[in-house]
Structures are given as structure tokens and as C-alpha cells.
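Colleague: Sharing a sequence plus its predicted fold:
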Amino acid sequence: MQKVISSLTFRYIAKYLLVLSGTVFLVVAGLYIFFSYNYFRDLSRSIVDEQDTLQLVYRGQSLEGIRQYVRDQQETQILDRFHYLVTDDSGNKVAGDLQAAAEYREFEDGWMGFELALLEWGESVDVDFIAREIDLGDGHRAIVARSFEQAAYQGRLVLATLVRTMAITILLGLIGGYFAAARSLQRVDWLGRE
């Protein structure tokens with residue numbers, strides 16, 4: 001076994017396999033980063049667009065219009081929907097489905113993140129949100145949020161699948177390389193006996 005592992009054939013196959021696996025991993029990781037960036041960019045744009053809509057509704061129909069708009073959105077959007085928190089000048093909740101007491105992590109340019117427990121199939125599930133706060137006027141403020149839990153779950157799934165696939169590929173490649181090197185050493189021994 002030591003002779004096979006130290007053979008030139010096995011070492012060449014092992015190096016080739018590791019370089020190929022590393023290259024594939026880097027390419028797939030790069031694609032994942034690219035798609036994640038685009039997903040969060042589109043998610044951010046959708047939140048900003050929704051904030052613009054809220055401001056238009058508030059200008060045209062005041063607080064009652066906002067309440068009706070938020071109710072309509074919650075009834076019509078089922079999957080991947082927006083979540084809202086509208087507060088008055090005292091910070092009291094006047095509309096929306098978000099908790100006024102949620103702990104928000106502040107980021108730059110008005111962005112924030114938080115985690116809430118939502119009921120899914122009767123069980124409480126922690127869901128991550130990205131949000132942004134705007135001033136509607138007259139002391140009213142609105143937070144528009146959207147969950148990115150599905151994207152995070154898919155990212156974890158892709159990463160776990162990638163790592164497992166790479167590990168299996170390397171393992172099977174090394175086993176195949178071992179047998180190829182053993183076969184080549186048998187041929188050399190056979191030729192040496194001739």
C-alpha cells in the first residue's frame with residue numbers, strides 16, 4: 001500500500017484531483033456570490049419601491065389610506081410578501097403586521113435587519129428580515145420589511161451540497177487513483193520479470 005501511495009502515478013492523480021476540485025469549488029462559490037449579490041440588490045430595490053408607494057398613498061389618502069393599503073397587501077400577497085410597521089409621532093403602532101418591540105440591527109443608509117418568530121404549519125420558526133425605515137410626514141414613520149430566509153436557506157443548501165459533493169468526488173478520485181496506480185505498478189513489475 002505504501003508503495004502504491006508513494007508512486008508517481010498516484011501522486012499525479014491526487015494533485016490533479018485536488019487542483020480540479022479546488023477550481024470547481026472556486027467557480028461555483030463565485031457564481032453563488034454573484035447570484036446572492038443580485039438577489040439582495042433586487043430585494044433592496046423592491047423595498048425602496050414599496051416605500052415610494054407608501055409615501056404616495058400617504059400624500060393622497062393620509063393615514064387611513066395607509067391602513068387600507070397595508071391590509072390589502074397582506075390579504076393579496078401570500079408568498080414572499082412585504083411586512084409593515086407604521087408608527088405615529090409617539091412611536092405607537094398604528095398599522096402593519098410587524099411588532100413595534102422587535103430588536104432591529106442598524107446598518108448604513110437607513111437599512112436594518114431583525115429576526116422574528118413566525119408561525120409556519122403551526123410551529124414557530126425564526127425568520128430573518130431586511131428592512132428600511134422612512135418618514136411619511138406628520139410624525140408618522142413606516143418600516144417596510146421583507147424576508148430573505150428562503151434565499152439564506154437555499155444558500156446553505158447549495159453550500160452543504162457543494163461541500164458534500166466535493167468530499168465524495170475527492171474520496172472516489174483517490175480510491176480510483178489508488179487502483180490505477182496499483183495497476184500501473186503491477187504492469188511495471190510484470191515487465192521487470194520478463
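Modeller: Cool, the structure landed. Residues are numbered from 1 along each chain as shown.
Colleague: Nearest residue to the middle of the chain?
Modeller: Here the mean C-alpha position of the chain is nearest to the C-alpha of residue 152 (CA atoms, centre = their mean), at a distance of 2.7 Å.
Colleague: Name the SS class of that residue, please.
Modeller: helix (DSSP: H, G, I helix; E, B strand; the rest coil).
Colleague: quick one: it and residue 128 touch, right?
Modeller: Yes: in this structure residue 152 lies within contact range of residue 128 using CB atoms under 8 Å: 6.2 Å. Heads up, the C-betas are built off the backbone N, CA and C, glycines and all.
Colleague: Residue ranges in this protein under the pLDDT threshold?
Modeller: 77-80, 101-102, 116-127, 150-151, 191-194 (pLDDT under 70).
Colleague: Go again with 50.
Modeller: 119-122, 124-125 (pLDDT under 50).
Colleague: show me where it has helices.
Modeller: 2-5, 8-76, 149-193 (DSSP state H).
Colleague: Would you mind giving these as a markdown table with distance to residue 86 added?
Modeller: Output for the helices of the chain, formatted as a markdown table (distance: least, CB to CB, whole Å):
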| stretch | distance to residue 86 |
| --- | --- |
| helix 2-5 | 68 |
| helix 8-76 | 6 |
| helix 149-193 | 23 |
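Colleague: Of all those helices, which one comes closest to residue 139?
Modeller: Evaluated with CB to CB, the helices of the chain place helix 8-76 nearest to residue 139, the distance being 10.5 Å.
Colleague: relative orientation of that closest one and helix 149-193 in degrees?
Modeller: 170 degrees (axes from the mean of the first three to the mean of the last three CA atoms, to 10 degrees).
Colleague: Could you list every helix and strand in contact with helix 8-76?
Modeller: strand 82-87, strand 93-96, strand 123-137, strand 140-147, helix 149-193 (3 or more CB pairs under 8 Å, 6 or more residues apart in numbering; DSSP states H and E).
Colleague: Using JSON lines, lay out the ones you listed together with distance to residue 28.
Modeller: Formatted as JSON lines, the helices and strands packed on helix 8-76 follow (distance: least, CB to CB, whole Å):
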{"stretch": "strand 82-87", "distance to residue 28": "32"}
{"stretch": "strand 93-96", "distance to residue 28": "39"}
{"stretch": "strand 123-137", "distance to residue 28": "24"}
{"stretch": "strand 140-147", "distance to residue 28": "25"}
{"stretch": "helix 149-193", "distance to residue 28": "6"}
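Colleague: Out of the ones you listed, the one nearest residue 26 is which?
Modeller: Closest of the helices and strands packed on helix 8-76 to residue 26 is helix 149-193, at 10.9 Å (criterion: CB to CB).
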